[in-house]
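Novice: Requesting a structural model of the entry that follows:
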Amino acid sequence: MDTGFKFHCGSAMSIMSKINTVIAIAAAIAALVLGPSVAMAQQSDDKKQNKTINQAQAIQQARQRVDGRVLRVDQKNQHYRVKMLQKSGRVVNVDVNRHTGRVVQQTPQPKIKKDN
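Specialist: Numbering: from 1, shown residues only. Next up is the predicted model:
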């Protein structure tokens, strides 16, 4: 009995070859379409990481933590060090992260005793 349907090994290979070609083309199109988007997202992340706060913003953050007068501000590699004098006479160093604007460390200095 002949059903008219014949399966040839050669035609199966031809179909597989066509499927592989379609997959390769789809992957190439996806790379062309998505490639620039991924690159732009990476650039945006890089810019966010390079953005830093300025000295005035660092002072503002330090003043939220310590009540006192600013003596000096030093710019370090990853942070600003804001040296402040409290009303009690104690000097406090407040380190503010340059990238996040967060206070990362607050270090009171030993109080200097005055000789009478």
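
Novice: Now tell me which helix or strand of this structure has the poorest mean pLDDT.
Specialist: helix 9-50 (a mean of 72; mean pLDDT, DSSP states H and E).

Novice: Skip the chain neighbours and tell me the closest residue to Arg98.
Specialist: Spatially, and ignoring its direct neighbours in sequence, Arg98 is nearest to Thr52 (4.4 Å; Cβ to Cβ, 6 or more residues apart in numbering). The C-beta positions use only the backbone N, C-alpha and C, and glycine is treated the same way.

Novice: check which helix or strand covers Val104.
Specialist: Val104 is part of strand 103-108, with elements assigned from DSSP states H and E.

Novice: What helices and strands are in contact with that strand?
Specialist: The contact analysis (3 or more Cβ pairs under 8 Å, 6 or more residues apart in numbering; DSSP states H and E) places strand 103-108 against helix 55-65, strand 91-97.

Novice: Distance of Arg98 relative to Lys111?
Specialist: Distance, Arg98 to Lys111, using Cβ to Cβ, to the nearest Å: 29 Å.

Novice: more neighbours, these two?
Specialist: Set Arg98 next to Lys111 and count neighbours by other Cβ atoms under 10 Å: Arg98 wins out with 19 against 11.

Novice: Next up, the contacts around the more buried one.
Specialist: Residues in contact with Arg98 (Cβ atoms under 8 Å, 6 or more residues apart in numbering) are 52-53, 58, 75-76, 78-80.

Novice: avg pLDDT for stretch 66-74?
Specialist: Confidence for stretch 66-74, expressed as mean pLDDT, is 96.

Novice: Just the buried residues of it, please?
Specialist: 66, 68, 70, 73 (16 or more other Cβ atoms under 10 Å).

Novice: between the residues you listed, which is closest to Lys87?
Specialist: Nearest to Lys87 among the buried residues of stretch 66-74: Gly68, at 6.8 Å, using Cβ to Cβ.
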